[in-house]
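Pasting a predicted model and its sequence here:
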Amino acid sequence: MADGTFAVLMLILGLTDMSRNYCGTEVGCLGRTETTPHFAISAGSVLERRAGEASEVYLRYDLGHKRGPFGHAVGLSVGEHGETWFGFGQTYKIQPQGSPLYAELHAMPGLYFDNGGFDLGGPIEFRSGLELGYENRKGWRFGLSYDHRSNAGIYDNNPGIETVQFRVSVPTR
């Protein structure tokens with residue numbers, strides 16, 4: 001499941017949710033609604049697949065609004081060897097009513113600079129993944145995330161990498 005599967009899953013679940021719960025309402029299918037913005041910091045490791053195992057720090061800001069069921073986020077990660085990725089994209093959170101447990105999918109296109117570290121094939125790289133976690137009553141989230149980064153085959157070289165990280169998200173309002 002370490003390719004674009006998370007992005008496709010997010011699209012299918014999000015569009016299904018949108019048609020059932022958003023279309024036909026006052027706001028509409030992709031109407032803007034306000035949410036609590038969150039600042040997240042996570043740390044973890046690039047899994048050894050084609051890249052060598054290495055640590056990574058990832059900062060993400062979830063904006064304070066959504067369009068239909070889709071949230072918006074901007075992210076920045078820096079790897080142990082100077083690899084840097086910056087992107088913007090969508091999130092889709094699944095949280096049963098009244099439950100502190102959640103699952104969140106994300107898909108974010110971005111720019112990647114290897115800076116002498118692992119070469120992902122080119123500067124345009126897509127990051128998609130899944131976070132499973134717990135949200136306390138004050139809105140703090142604690143989660144374990146798994147994501148994949150690759151260029152989706154737009155360059156001849158497309159090795160891709162996966163990361164596993166522990167994330168803490170703090171509401172900023």
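Sure, I can see it. Note that the coordinates shown come from a computational prediction; the quantities given were computed from them, not determined experimentally.

Model confidence for the residue positioned nearest the centre of the chain, exactly?
By Cα atoms, centre = their mean, the chain has its centre lying nearest to His106, at 3.5 Å. Note for His106: predicted pLDDT of 97.

cool, and the one 4 residues further on?
Among the per-residue scores, Gly110 holds a pLDDT of 98.

who does it bridge with?
Assessed by DSSP bridges, Gly110 has beta-bridge partners Gly87, Glu125.

Quickly note the distance from it to Arg127.
6 Å (Cβ to Cβ, to the nearest Å). (C-beta placed from N, C-alpha, C; glycine too.)

now swap in Gly139 and tell me
For Gly139 relative to Arg127 (Cβ to Cβ), the value is 24 Å.

which one of these two has more residues nearby?
Arg127 (24 against 13; other Cβ atoms under 10 Å).

shaky segments in this structure?
Residue ranges of the chain with pLDDT under 70: 1-2, 48-51.

show me what contacts the closest residue to Leu13 other than its chain neighbours?
Leaving out its chain neighbours, the residue that sits closest to Leu13 by Cβ to Cβ, 6 or more residues apart in numbering is Tyr92, at 6.1 Å. By Cβ atoms under 8 Å, 6 or more residues apart in numbering, the contact list for Tyr92 reads Met10, Leu13, Gly14, Asp17, Pro69, Phe70, Gly71, Glu104, Leu105, His106.

Break down the chain into its helices, ranges please.
Counting by DSSP state H, one finds helices in the chain at the ranges 5-21.

ranges for the strands of it?
For the chain, the strands defined by DSSP state E cover 32-34, 38-46, 54-67, 70-79, 84-94, 101-113, 124-135, 141-150, 161-171.

Quick one: those as CSV, columns for distance to Glu26 too.
Formatted as CSV, the strands of the chain follow (distance: least, Cβ to Cβ, whole Å):
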stretch, distance to Glu26
strand 32-34, 10
strand 38-46, 26
strand 54-67, 15
strand 70-79, 18
strand 84-94, 21
strand 101-113, 26
strand 124-135, 27
strand 141-150, 29
strand 161-171, 26
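
out of those strands, nearest to Phe6?
Closest of the strands of the chain to Phe6 is strand 124-135, at 4.1 Å (criterion: Cβ to Cβ).

and the angle from the closest one to strand 84-94?
50 degrees (axes from the mean of the first three to the mean of the last three Cα atoms, to 10 degrees).

what is the orientation angle of strand 124-135 with helix 5-21?
60 degrees.

Would you confirm that Leu101 contacts Gly133?
Yes: using Cβ atoms under 8 Å, Leu101 is in contact with Gly133, at 7.4 Å.

So between these two, which is more surrounded?
For the pair Leu101 and Gly133, the greater number of neighbours falls to Gly133 (20 against 12), based on other Cβ under 10 Å.

Thank you, goodbye.
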